[in-house]
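Peer 1: With the input below, show me the fold.
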Amino acid sequence: MADVAERAGVSASTVSRTLRGLSSVSPDVRARVEKAARELNFAISRQASSLVTGRTGVVAVLVPTLNSWFMGSALSSLGPLLRAADMELTVYVIPDLAERASFFEQLPARRNADALLVHCFDLTEEEGARLDDLGMPVLYVSQHAEGRPSVYVDDVAGARHGTRHLLNLGHRRIAFMQSPGASGFSFSSHARLLGYQQALAEAGVPLDDSLVVAAPAADKRAVAEALGQLLGLRRPPTAVFAEQDELAAALIWTLRRARIEVPEQMSVLGFDDQPLAEWFDLTTVAQSPSEMGRVAGELALQLINDSEADGKRHIVLPTHVIPRGTTARPTGSATETEGPS
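Peer 2: Okay, here's the model as predicted:
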């Protein structure tokens with residue numbers, strides 16, 4: 001820093017103010033300092049700067065995986081936002097319960113970040129209390145955390161709207177296919193099932209537990225077995241609401257392999273609006289993880305920079321149904337609701 005100051009003809013403190021982006025430096029002086037810094041390949045140390053400001057210039061993110069469309073989309077919009085604010089992004093990936101226990105025991109984000117964004121974790125009371133004691137803003141993304149800042153979609157309302165779309169087409173035998181998630185991680189399955197059940201109840205359609213099945217999207221045999229359960233009912237469904245687009249795509253592949261036409265013989269609805277939804281011409285309930293990441297980043301910066309900001313703010317982002325080619329009106333007497341399963 002002293003070398004940069006000498007070359008630019010200013011004091012070391014002016015170099016520090018310039019490279020930290022403070023507005024008290026004139027444009028002429030800023031240009032001279034930045035030119036000298038480039039010529040000397042000098043960059044200010046975040047660690048040294050944090051000793052002065054008390055900030056690390058880092059936002060940490062806690063995720064269960066990076067191998068998903070949702071996480072990738074959320075982080076892809078968060079990164080540029082933080083870079084524009086001269087902040088860095090640190091990602092902690094804890095995909096299983098063993099690494100999760102280690103993280104909450106050691107809390108590596110402590111003193112290494114100015115805020116923590118928690119994605120898709122069903123925290124225990126003890127884990128939530130541990131994060132509360134970090135001494136930094138902790139935001140919850142894609143989940144509702146009571147009394148804590150959260151950015152999420154209303155999965156119950158989204159699933160309710162999706163089910164209403166099928167009801168409005170005339171379907172009454174509507175199945176729900178869910179994907180079992182890992183214990184301790186929140187993937188909205190229960191909320192979407194609840195929205196499906198609420199829509200049926202509102203329409204006066206009796207709930208039928210035999211129409212709710214589960215299968216991992218990546219397991220072809222499990223999806224085929226779940227579909228077999230539905231087709232083996234005395235009155236099979238005329239539509240299936242799959243809780244994720246990946247599961248809907250696997251279901252469509254299985255139906256076509258069984259020579260069951262979509263949507264002529266079976267309508268299929270997904271949830272998410274992943275890129276594959278367009279390839280499958282899939283009717284789906286759309287959400288935007290990219291927008292969620294951006295909004296969460298903006299809220300994190302607000303909480304970092306403004307100690308008076310609302311630390312319990314909840315931001316609920318919209319969902320909407322996108323009709324495509326995998327849903328249609330049921331044929332024949334499929335709209336009848338009488339009779340046992």
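Peer 1: so who does the nearest residue to Arg148 once chain neighbours are set aside touch?
Peer 2: With sequence-adjacent residues excluded and distances taken as CB to CB, 6 or more residues apart in numbering, Arg148 is closest to Tyr140, at 5.8 Å. C-beta coordinates here come from the backbone N, C-alpha and C atoms, glycine included. The neighbourhood of Tyr140, defined by CB atoms under 8 Å, 6 or more residues apart in numbering, consists of 117-118, 148-152.
Peer 1: got the residues you listed as CSV, with neighbour count, secondary structure and distance to Glu243 columns?
Peer 2: Formatted as CSV, the entries for the contacts of Tyr140 read as follows, by neighbours: other CB atoms under 10 Å; DSSP: H, G, I helix; E, B strand; the rest coil; distance: CB to CB, whole Å:
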residue, neighbour count, secondary structure, distance to Glu243
Leu117, 27, strand, 24
Val118, 25, strand, 22
Arg148, 20, coil, 25
Pro149, 24, coil, 26
Ser150, 21, strand, 21
Val151, 27, strand, 21
Tyr152, 23, strand, 16
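Peer 1: so where do the helices sit in the stretch 1-150 of the chain?
Peer 2: Defined through DSSP state H, counting those that start in this stretch, the helices belonging to the stretch 1-150 of the chain, from first to last, are 2-8, 12-19, 27-39, 46-53, 69-84, 97-106, 125-132.
Peer 1: right, and the ones you listed - which one's nearest Thr254?
Peer 2: With CB to CB as the measure, helix 69-84 is the member of those nearest Thr254 (20.6 Å).
Peer 1: Which neighbouring elements make contact with the closest one?
Peer 2: Based on contacts counted as 3 or more CB pairs under 8 Å, 6 or more residues apart in numbering; DSSP states H and E, the elements that helix 69-84 packs against are strand 58-63, strand 88-93, strand 115-119, helix 289-305.
Peer 1: ok, Thr326 - contacts?
Peer 2: 248, 252, 262-263, 267-270, 280-283.
Peer 1: Using JSON lines, lay out those residues together with secondary structure, distance to Asp219 and neighbour count.
Peer 2: Supplementary listing: those in JSON lines, determined by DSSP: H, G, I helix; E, B strand; the rest coil; distance: CB to CB, whole Å; neighbours: other CB atoms under 10 Å:
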{"residue": "Ala248", "secondary structure": "helix", "distance to Asp219": "15", "neighbour count": "29"}
{"residue": "Ile252", "secondary structure": "helix", "distance to Asp219": "15", "neighbour count": "22"}
{"residue": "Val262", "secondary structure": "coil", "distance to Asp219": "20", "neighbour count": "22"}
{"residue": "Pro263", "secondary structure": "coil", "distance to Asp219": "24", "neighbour count": "23"}
{"residue": "Ser267", "secondary structure": "strand", "distance to Asp219": "23", "neighbour count": "25"}
{"residue": "Val268", "secondary structure": "strand", "distance to Asp219": "18", "neighbour count": "26"}
{"residue": "Leu269", "secondary structure": "strand", "distance to Asp219": "21", "neighbour count": "31"}
{"residue": "Gly270", "secondary structure": "strand", "distance to Asp219": "17", "neighbour count": "31"}
{"residue": "Phe280", "secondary structure": "coil", "distance to Asp219": "18", "neighbour count": "21"}
{"residue": "Asp281", "secondary structure": "coil", "distance to Asp219": "24", "neighbour count": "12"}
{"residue": "Leu282", "secondary structure": "coil", "distance to Asp219": "19", "neighbour count": "27"}
{"residue": "Thr283", "secondary structure": "strand", "distance to Asp219": "23", "neighbour count": "26"}
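Peer 1: Need the helices of the stretch 1-150 of the chain in TSV (columns: mean neighbour count and distance to Leu200).
Peer 2: Below are the helices of the stretch 1-150 of the chain laid out as TSV (neighbours: other CB atoms under 10 Å; distance: least, CB to CB, whole Å):
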stretch	mean neighbour count	distance to Leu200
helix 2-8	17	68
helix 12-19	19	60
helix 27-39	15	63
helix 46-53	12	54
helix 69-84	18	27
helix 97-106	13	34
helix 125-132	14	33
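Peer 1: Mean pLDDT lowest where, among these?
Peer 2: Between the helices of the stretch 1-150 of the chain, the lowest average pLDDT goes to helix 46-53, which shows a mean of 50.
Peer 1: Gly204 versus Arg172, what's the distance?
Peer 2: 10 Å (CB to CB, to the nearest Å).
Peer 1: Who has more neighbours out of the two?
Peer 2: Arg172 (21 against 9; other CB atoms under 10 Å).
Peer 1: Name the SS class of the more buried one, please.
Peer 2: For Arg172, the assignment made with DSSP: H, G, I helix; E, B strand; the rest coil gives coil.
Peer 1: mind pulling up the phi and psi values for it?
Peer 2: Dihedral angles phi and psi of Arg172 (degrees, to the nearest 10) take the values phi -130, psi -30.
Peer 1: Give me the pLDDT for it.
Peer 2: At Arg172 the predicted local confidence, pLDDT, stands at 96.
Peer 1: Isn't it up against Asp208?
Peer 2: No - taking contact to mean CB atoms under 8 Å, the distance of 10.3 Å between Arg172 and Asp208 leaves them out of contact.
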